[in-house]
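Q: A structural model of the following input is requested.
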Amino acid sequence: MTLTTRIVTEVAYHEGIVREAYKDSVGVLTWSAGITSASGHSVERYVGNPQPLARCLDVYVWLLREKYLPSVLRAFKGHDLTESQLAAALSFHWNTGAISRASWVQHFKAGDNAKARKAFMNWVKPVEITDRRKAERDLFFDGKWSGDGTIMEWTVVRPNKSVDWSKGRRVNVSGEIAALLGGVAKPATTRNAITAPRDEPSLWANIIAAIARIFGGKK
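A: Below you'll find the model as predicted:
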C-alpha cells in the first residue's frame, strides 16, 4: 500500500491547485491543493507570492506521503487496501483530518460494509462537500474513480485574498506527479523550510568548487 500516480492525482482532482495563498469559504488561509498551515507547512509565505505549478505539486506530494499516508495506514493497520480504497481513504483524510476517529473505518475493519458505507456520509459539513464525499464513498466501496489525470488550476487571487474562480484552467499533471513519486528528495528538515529549488547549490558547495578549480587547474 503506497502512493501511485493515480492515487495522488485523484486526491488533487477533488482539490484543484491555487498557486497563491487565499482565504477559503470560512476564512482559513489556504494554498496549493487545499494546504493550510495546520498541515505543519506555513502557507503565509505565499500571500501575494504565487508559486510555479511544480512547487505547488512538490509540497502537496510531500505532505501527502510524509504525513497523511502514514495516518491512513495506521488507521487500517492489519487490513490491506486496494489502490482505489487507499485513494478514497487518503482523499477523505486530506479533506477532514479525521481518519483515526471516523466510525466508517471501524465498521469496515469489522467487516460491516453496509454500516461503513452509511457512516461515510456522516461527514458532509459543509453541505458543499457532499458530492465529494459521495465520490470518495463510491471509490472506496465500488472502485469508481472520478479523476482523469487532470486538475483545475487557478492563478488569479484578488487583493482581498479571494480566488477568481472564473479564471481556472484544466491541466494534466500525471507526468509531473509520476516524476515526483519516482525520485523526489525529502525537503529540508522542517516543513516550513522548503524555500529553494532542491538542485540549487549551497554557498559552501560553490566555495569548495571554486577552490577545486583553482588548485586543480580546471576552468
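Q: wait, residue 95 sits on residue 132?
A: Yes: using Cβ atoms under 8 Å, residue 95 makes contact with residue 132 at a distance of 6.9 Å. Where C-beta positions appear, they are placed from N, C-alpha and C, glycine not excepted.
Q: Identify the contacts common to those two.
A: Taking Cβ atoms under 8 Å, 6 or more residues apart in numbering as the contact rule, residue 95 and residue 132 both touch residue 14.
Q: Quick check: the gap between residue 12 and residue 152.
A: Distance, residue 12 to residue 152, by Cβ to Cβ, to the nearest Å: 9 Å.
Q: ok, those two, which is more surrounded?
A: residue 12 (27 against 15; other Cβ atoms under 10 Å).
Q: Report the secondary structure state of residue 58.
A: Assigned by DSSP: H, G, I helix; E, B strand; the rest coil, the conformation of residue 58 is helix.
Q: and the strand of greatest length in the chain, what other elements does it pack with?
A: Longest strand in the chain by number of residues (criterion: DSSP state E): strand 17-23. If you count contacts as 3 or more Cβ pairs under 8 Å, 6 or more residues apart in numbering; DSSP states H and E, strand 17-23 packs onto strand 29-32, helix 53-63, strand 150-154.
Q: any idea which helix or strand comes after the second one?
A: Just to be clear, that refers to helix 53-63. Where DSSP states H and E defines the elements, the next helix or strand beyond helix 53-63 is helix 69-75.
Q: contacting residues around that following helix?
A: The contact list for helix 69-75 (Cβ under 8 Å, 6+ apart) reads 1-3, 86, 89-90, 93, 99-100, 102, 105.
Q: For the nearest residue to residue 46 once chain neighbours are set aside, give me its contacts.
A: Nearest residue to residue 46, sequence neighbours excluded (Cβ to Cβ, 6 or more residues apart in numbering): residue 21, at 3.9 Å. Residues in contact with residue 21 (Cβ under 8 Å, 6+ apart) are 29-31, 43-49, 157, 161.
Q: Check the gap between residue 21 and residue 15 for me.
A: Note on residue 21: its distance to residue 15, by Cβ to Cβ, is 15 Å.
Q: And residue 168, by the same measure?
A: With distances taken as Cβ to Cβ, residue 168 is found 12 Å from residue 15.
Q: what residue lies at the spatial centre of this protein?
A: Computing the C-alpha centroid of the chain and ranking residues by Cα atoms, centre = their mean puts residue 60 first, at 3.7 Å.
Q: buried set for stretch 102-118?
A: Neighbour counts over stretch 102-118 (16 or more other Cβ atoms under 10 Å) mark 102, 104-105, 107-108, 116-117 as buried.
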